[in-house]
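>>> following is a predicted model, sequence given first.
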Amino acid sequence: MIQTICLHRVLREAVTTPYRNLVTRATGAAVRVRIEAALDRMACDVAVLDFSEVELLDFSCADEIVAKLVLPAARPSRPVVLLGIRDEQREALDHVLAHHGVAVTGRLRESGEPVLLGAATPDLHQAFAALRERGATLDDFARLPIS
Amino acid sequence: MTRVVEVPPSFDDRTFDQFAAGFGAWPPEERILVDARGAQWASPYGLVGLLTAGQALAEAGRERPLLTVPQSDDVKRYWARTGFFAHAASLFEIHGKVPRAAASGPSDVLLDVTPVRASEDVHEVVGRIGANAARIMSGELGLEAKSSVGFSMALSESCTNIVEHAGTGGWVAVQAYTFRRRLGRRVVVIAVSDAGIGFRRSLETAHAKRYGDRWSDATALEAALIQNVSRFRDPGRGQGFAGIKRYLSRWQGKIGIRSGTARLAIVPPWDDDVPLADQLPFFPGAQVQITIPAQHAEPA
């Protein structure tokens, strides 16, 4: 089963702010703790982090939320896929994942195009391209061996 | 005894050392009088630096400093409009008539002088500047619309540094103006200043050993800005400056950081600043200036 977590909703629970910006390391840590707790409660195979209603994502927050969720030491027992990523958020995600030597798949908000973010081996790139070509689902992308 | 510290007539990152030198050994023993009567212009860097001086003196337990306001009505009005006097009133004994900040329409002040103490303040700063940033970046600077997202990211990361590393609060201001002398173009400037422990002390425990006798304000700045190191062992730390540098390299922007007795800058081709200045007059905390230029020169 795929479980989708709306990051904007988690942000609203974690921080008192009228804005839709995932900024600061403290905010990232607070959001990640809530995501980890939710994932622990849910009986799902794939966790989808939905960025659709998020405006800004800074590097510190991207590192705290996404990179730390997918690091081998901290990874939950289920794959993580990103959904609704804006082009401007892609750069921060790509940078922090590459910095840690990990990769994640996701879909861009505007085009719906699947993307591979972070540090990916040539084999992983090839597998990702093959899945994209045959119009794979989020679930399929989540099964890629990402580290 | 009172020590008079003069505010340079044109008060910005270039003349800041003159201002810092006025305090002598830090913290100064005498009561300080900051004399701004002759000020003709101040950049956001100058204004947040002034507040930082007041804050640092208060935190050092010194007598409340005096501040004489600029004589020029235009300068006074402008300083009032940035919100400077509203904050200065809690840090200085102000002498001279201060105009009330008039409500106005669209302005070159993109973000008033704003205190930054906690993560919530960074959310507020980034949220408030959102629409204004988009208007200025694409309208006035001729950058593509999505550059405003990177701009907000740079603002967020530079404010987060205060929250994460300074050990006390600080100030931020953002303004657009025409940079005639060096560039002949419009620029947007983010100025962030805190009265905290500075880069050298922040990084000392984790990194000083590696540098041995070379450890100083200058090497600490190099470690943070060039090598992206952080005081935390967490390998994900230090990416804030990396993100800011990526953004600035795309738009020929500049970042300069002053901390303690050194200043380090990543200097784009349009500027003639030195990359590293050492053995400067001491000033507490850290002062960051980020400058993003318009893509095209202003018509003559």
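Thanks, I have the structure now.
>>> every contact and neighbour count from this point should use C-alpha atoms.
OK.
>>> do you have the helices of chain B handy? List them.
B:16-21, B:44-59, B:73-81, B:84-88, B:119-134, B:147-161, B:198-211, B:217-225, B:239-250 (DSSP state H).
>>> list the buried ones in the fifth one?
What it means is helix B:119-134. By neighbour count on 16 or more other CA atoms under 10 Å in any protein chain shown, the buried set for helix B:119-134 is B:119-127, B:129-130, B:132-134.
>>> remind me what that helix packs against, helices and strands.
strand B:109-116, helix B:147-161 (3 or more CA pairs under 8 Å, 6 or more residues apart in numbering or on different chains; DSSP states H and E).
>>> contacts for it?
Identification of contacts with helix B:119-134 by CA atoms under 8 Å, 6 or more residues apart in numbering or on different chains yields A:15-17, A:19, A:21, A:23-24, A:26-27, B:110-111, B:114-116, B:145-148, B:151-152, B:155-156, B:159-160, B:163.
>>> distance of the residue nearest to B:Trp171 when sequence neighbours are not counted from chain A?
Of all residues not flanking B:Trp171 in the chain, B:Pro115 sits nearest, at 4.5 Å (CA to CA, 6 or more residues apart in numbering or on different chains). In this view, B:Pro115 and chain A are 16 Å apart by CA to the nearest CA, to the nearest Å.
>>> and for the residue in chain A that chain B sits nearest to, the neighbour number?
Closest to chain B within chain A is A:Asp58: 5.2 Å, counting by CA to the nearest CA. A:Asp58 is flanked by 30 other residues according to other CA atoms under 10 Å in any protein chain shown.
>>> for A:Ser111, same thing?
11.
>>> before we move on, what SS does it have?
coil (DSSP: H, G, I helix; E, B strand; the rest coil).
>>> what pLDDT does the model give it?
Looking at A:Ser111, its pLDDT stands at 90.
>>> just want the angle from the strand or helix carrying A:Val96 to helix B:147-161.
Here A:Val96, judged by DSSP states H and E, is contained in helix A:87-100. On the basis of axes from the mean of the first three to the mean of the last three CA atoms, to 10 degrees, helix A:87-100 is oriented at 50 degrees to helix B:147-161.
>>> other residues contacting helix A:87-100?
A:56-59, A:62-63, A:66-67, A:71, A:103-104, A:108-109, A:117-119, B:146, B:149-150, B:235-236, B:239, B:243.
>>> mind doing that once more with 7 Å?
A:56-59, A:62-63, A:67, A:103, A:108, A:117-119, B:146, B:149 (CA atoms under 7 Å, 6 or more residues apart in numbering or on different chains).
>>> then stretch B:163-183?
Against stretch B:163-183 from outside (CA under 7 Å, 6+ apart): B:44, B:48, B:52, B:108-119, B:162, B:184-198, B:202, B:270-271, B:285.
>>> switch to 6 Å and redo it
When contacts are defined by CA atoms under 6 Å, 6 or more residues apart in numbering or on different chains, stretch B:163-183 is touched by residues B:44, B:48, B:108-118, B:185-194, B:196-197.
>>> could you check the pLDDT of the nearest residue to B:Leu248 once chain neighbours are set aside?
Spatial nearest neighbour of B:Leu248, chain neighbours left out: B:Lys254 (6.4 Å); criterion: CA to CA, 6+ apart. Note for B:Lys254: predicted pLDDT of 96.
>>> so who does residue 109 touch?
Since no chain was named, I'll use chain A. A:84-86.
>>> ah, no, chain B please
Applying CA under 6 Å, 6+ apart, the residues contacting B:Val109 are B:Gln175.
>>> same question, A:Glu113
A:Arg107.
>>> show me the shaky parts of chain A.
A:72-78, A:146-147 (pLDDT under 70).
>>> and if we set it to 90?
A:1-3, A:16-19, A:36-47, A:67-80, A:87-88, A:102, A:110, A:112, A:120-121, A:134-147 (pLDDT under 90).
>>> show me what from it comes close to chain B.
Within chain A, the residues that sit near chain B (CA under 6 Å from any CA of the partner chain) are A:19, A:24, A:58-60.
>>> list the buried residues of whichever helix or strand A:Asp40 is part of.
Secondary structure from DSSP H and E places A:Asp40 in helix A:25-41. Neighbour-count burial for helix A:25-41, counted by 16+ other CA under 10 Å, picks out A:25-36, A:39.
>>> now what about stretch B:48-66, what contacts it?
Residues contacting stretch B:48-66 (CA under 6 Å, 6+ apart): B:31-34, B:91-94, B:171, B:193-195.
>>> what about the helices in chain A?
According to DSSP H, the helices that chain A contains are A:7-14, A:25-41, A:59-62, A:68-70, A:87-100, A:122-133, A:138-142.
>>> list the helices and strands the helix holding A:Asp40 packs on?
helix A:59-62 (3 or more CA pairs under 6 Å, 6 or more residues apart in numbering or on different chains; DSSP states H and E).
>>> using CSV, write out the CA atom coordinates for stretch B:82-94.
C-alpha atoms of stretch B:82-94 as CSV (Å, rounded to 0.1, in the frame of the first residue of the first chain):
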residue,chain,number,x,y,z
THR,B,82,13.4,51.1,7.5
GLY,B,83,12.2,50.6,11.1
PHE,B,84,15.7,51.3,12.4
PHE,B,85,14.7,53.9,15.0
ALA,B,86,12.0,51.7,16.4
HIS,B,87,14.5,49.0,17.3
ALA,B,88,17.3,51.5,18.2
ALA,B,89,15.1,53.0,20.9
SER,B,90,15.4,49.9,23.0
LEU,B,91,19.2,49.8,22.6
PHE,B,92,20.3,53.4,22.6
GLU,B,93,19.5,56.6,24.4
ILE,B,94,18.5,58.6,21.3
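>>> mean confidence score for that stretch?
pLDDT averaged over stretch B:82-94 gives 97.
>>> quick one: buried residues of that stretch?
In stretch B:82-94, counting by 16+ other CA under 10 Å, buried: B:82-86, B:88, B:91-94.
>>> touching that stretch from outside, list them.
B:54, B:64-67, B:112-113.
>>> not counting sequence-adjacent ones, nearest residue to the residue nearest the centre of chain A?
Geometric centre of chain A, nearest residue: A:Leu82, 3.7 Å, by CA atoms, centre = their mean. Of all residues not flanking A:Leu82 in the chain, A:Gly106 sits nearest, at 4.2 Å (CA to CA, 6+ apart).
>>> wait, that neighbour sits on A:Pro79?
No: with contact defined as CA atoms under 6 Å, A:Gly106 does not reach A:Pro79; the gap is 11.6 Å.
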